[in-house]
Every structure is written in structure tokens, then in C-alpha cells.
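>>> Quick one: sequence plus predicted model below, questions after.
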Amino acid sequence: MNILVTGGAGFIGSHTLIELYRAGHTAVVVDNLCNSNSESLRRVEGIVGVDGIPFYRTDIRDREGLERVFAMHRLDACIHFAGLKAVGESVERPWEYYENNISGTLVLVDVMRRHGCKNIIFSSSATVYGDPAEIPISERCPKGRCTNPYGWTKSMLEQVLTDIQRADPEWNVVLLRYFNPVGAHPTGRIGENPNGIPNNLMPYITQVAIGKRPELGVFGNDYPTPDGTGVRDYIHVVDLANGHVCALKAIERACGLGIYNLGTGHGYSVLEMVRAFERVNGVKIPYCVKPRRAGDIAACYSDPAKAERELGWKAKFGIDEMVRDSWNWQRLNPDGYN
Ligand code: NAD
Ligand code: WQD
């Protein structure tokens, strides 16, 4: 299939492009580069051995820009990564998050249907479960109250896309709820490239390892978890990327609406992540315990059985590969793509 990949220059998008080409698909990328660098696309081309993946520096809110892309290419489906994703920033700038993520998706979906392209895979998040009613979290678990505007954009967009599919069964909509994506491509050529101080645990650890930050702050050690620190379901970004290839197969079978968790099913605490990083990479990570971070929950990990049953997808990489590849990327690219 020929796939429109919005946000394809970003962290998860760039890794997904590689798996799409490996599976025999082709792609057209739309990204406004507000949180990425087109160098990632050049590196993807190098890894897959393809010259000139079509790329448009276009905002998904720009209707005319998207119309031009659809006029130039026959597109079978869209994998929709484009969006703002910084939780803290979304609390400070809610309008910008609702406008970018929600208006952008509404414009995108409208242009898609005008061109008869009614297949979409949407990047959702475990954040839609809020403080989950049960752990491990299966898709039967009800959605919860999100703790920030970013999370609400995901929750609301899931509803928008669900309603669109219900009203017009020609649509195939796959909502993928990612748990905590980490790692990088094993070549060390592409990876996560955060601006400024990282919000997420793994890029913070790698920046401590390379000496950019003196120590990791561990946000709370008094949670009701085995060692008191927060537990999450970290998933290697290459596994996550492959989840999208499996979701495309479901779309080819005309799946209608599908909702899937993409996680490993294993929870690791902050201190377990630190120790795994030190053990695998032989680098010391100094840390100090800080107060809990507002909005954090104690533990969150998936029941990924539905994705295995219905999509034939299962995470293959474990914690050792996650910390190895995160460090490999950081070590080889101390300043990311800059
Ligand atoms: P990212 O910031 O690396 O990638 C997002 C891309 O979208 C960037 O390249 C950015 O430039 C682009 N973009 C943003 N707004 C745009 C717009 N209006 N028009 C065109 N391009 C735009 O983030 P990522 O980690 O690769 O995340 C991809 C998707 O997955 C996002 O929707 C994110 O919310 C979702 N997600 C991410 C995580 C995570 O922890 N990384 C977890 C769950 C869900
Ligand atoms: C993981 C654990 C922290 C940083 C966020 C979003 C979620 C999704 C993924 C997009 C927690 C602890 C972290 C640090 C720490 N993104 N931590 N020191 O919060 O589970 O999820 O990213 O959809 O929506 O909320 O991920 O990596 O920020 O934190 O101790 O410097 O690491 O408290 O227990 P989180 P995270």
C-alpha cells in the first residue's frame, strides 16, 4: 500500500517508515518539522536503501497543502502520528494543543474522505485510561479522566474517529494505544531527539549517561510499588513500529473499528530501568529522589493479548535491547540530528 505518514520525521514515525518499506509498502511523509528534523528522513532512506521518500513540509491544519499532497499521490491509508505531545507544555498552553491536535486531525480526515481514502491508524496513548481501574490494563478497561490537555486530545480524537467510523462503515479506523515507547533503531542512525530538558525517563537517563545532566531526579519513592518508584510498560520503538504494519493488514481485511494496546505486558520501575541501563551499558547513572511529579500514577502496564490475538503482533524486544539501543543512539549522536 502507499501510506500517508503524518509526523513521519518524528521519533515513532521515522522508525515506522523503515518497517513499512521492509514490509513492501511505500510512503509519503507530511510533517511541519515543529518537533523534528528532516535529517531523520535522509537516514531512513539510507537504512532502507530508497532514494527520495516523498516529503512535504506541510502542516496538517493546512487544507490546501494537504489537498496538493492528495492530488499528487494515490494514497491507500494514513498513519497519523502528527501532533504535539509534551504533557507539561499542554497544561501551560492548552489552546495550542487542542488546536494543533484536534483541528489538525479534523482537517486531515476531511481531506482524506474527499479523496476516498478512508483508512486511518491513529497514535493514541495509554494516557486515555487515566488512573486505570485495573492492572494489567486491557482494552475492556474503561477510559478514565485524563490529567492534562494532551491526554484529552487523544481521548477526544479517539471519540471523533470512532463516531466517523460508526456513521460511515467504509472507514477502517485503528486506534493504537501506545504504552511507553523507548529505544532506537539498532543501527544507531535514528532515535528520539527531544528539545531542551527531556520530560521522559529514558532520554533523561541517556543525557545523564553522556554527561549533559548531572543526575536523574527520581519522581517519588513512596508509591505502592515493589521499590516505591513508578512502574511503566516500556516498549521498544521498533516493536511499536511493527505494530503499525500489523494494523495495516487488519485494514486490508476491512476491520472497521479496532482498538489495541501496544505494550509488552511487563512493568518496570524507575530504579529497575536505571539498574538495567547500568548493567547492560556499563555506565553509572547518579540519581536523587525528588517529590512525586504532579499527575503521575503509581503503576501502568498493559494486557497486550488482544493485539496478539487479532493483529498477530507481539513485542519481541526486552528491557536489555531497549536500554542498549537508547544508549547506542545517544552515544553515536550526542546532539541528536543537530
Ligand atoms: P514526535 O514529536 O517525535 O513526532 C510527532 C511529529 O509530528 C513531529 O515530527 C512534529 O514535527 C509533527 N507535527 C506536530 N504537529 C504537526 C502539525 N500540525 N502538522 C504536521 N506535523 C506536525 O513524537 P513521537 O514520539 O514520534 O509521537 C508520535 C505520535 O505518537 C504523537 O501523536 C504522540 O502523541 C503519540 N504518542 C507518543 C508517545 C511517546 O511517548 N512518544 C506515547 C503515546 C502516544
Ligand atoms: C516514566 C516514569 C516518572 C522522568 C508520558 C506521558 C504519556 C505518554 C508517555 C504520550 C514515571 C518517572 C520520569 C524523570 C522520573 N506520552 N520519571 N524522572 O509519565 O509514564 O508517560 O510519556 O502519549 O502520555 O504522560 O512517562 O517517561 O515521563 O515517566 O522519575 O526525570 O519515570 O515519574 O514513573 P509517563 P515518563
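Okay, I see it. Ligands and ions are numbered 1, 2, ... in the order given.
>>> Any residues of the stretch 51-200 of the chain in contact with ligand 1? List them.
Proximity of the stretch 51-200 of the chain to ligand 1 (Cβ under 6 Å from any ligand atom) is limited to residues 59-61, 81-85, 100, 104, 123, 125, 178, 181. No exception for glycine: its C-beta is placed from N, CA and C like everyone else's.
>>> ok, which pair from these is furthest apart?
Largest separation among these by Cβ to Cβ: 61 and 181, giving 24.7 Å.
>>> of those two, who's got more company?
Taking neighbours as other Cβ atoms under 10 Å, residue 61 and residue 181 compare with residue 181 leading, 24 against 17.
>>> where along this structure do the helices fall?
11-22, 39-48, 63-72, 87-92, 94-97, 104-114, 149-167, 201-209, 237-252, 270-281, 305-306, 319-332 (DSSP state H).
>>> Name the residue of the protein that lies nearest to ligand 1.
residue 10 (2.1 Å; Cβ to the nearest ligand atom).
>>> Could you rank the residues of the stretch 51-200 of the chain next to ligand 1 by neighbour count and give me the top one?
Within those, most neighbours by other Cβ under 10 Å means residue 82, with 30 neighbours.
>>> right, and it touches residue 62 too?
No. Residue 82 is beyond contact range of residue 62, at 11.4 Å (criterion: Cβ atoms under 8 Å).
>>> Report the separation between residue 133 and residue 124.
Noted for residue 133: a distance of 18 Å to residue 124, by Cβ to Cβ, to the nearest Å.
>>> So which of these two has more stuff around it?
More neighbours surround residue 124 than the other of residue 133 and residue 124, with 23 against 12 (other Cβ under 10 Å).
>>> From the residues of the stretch 51-200 of the chain next to ligand 1, pick the one nearest ligand 2.
Checking these against ligand 2 by Cβ to the nearest ligand atom gives residue 125 as the nearest, at 3.3 Å.
>>> wait, what's in contact with that closest one?
151, 154, 177, 178 (Cβ atoms under 8 Å, 6 or more residues apart in numbering).
>>> Let's have those residues in a markdown table, adding distance to ligand 2.
Below are the contacts of residue 125 laid out as a markdown table (distance: Cβ to the nearest ligand atom, whole Å):
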| residue | distance to ligand 2 |
| --- | --- |
| 151 | 6 |
| 154 | 7 |
| 177 | 9 |
| 178 | 6 |
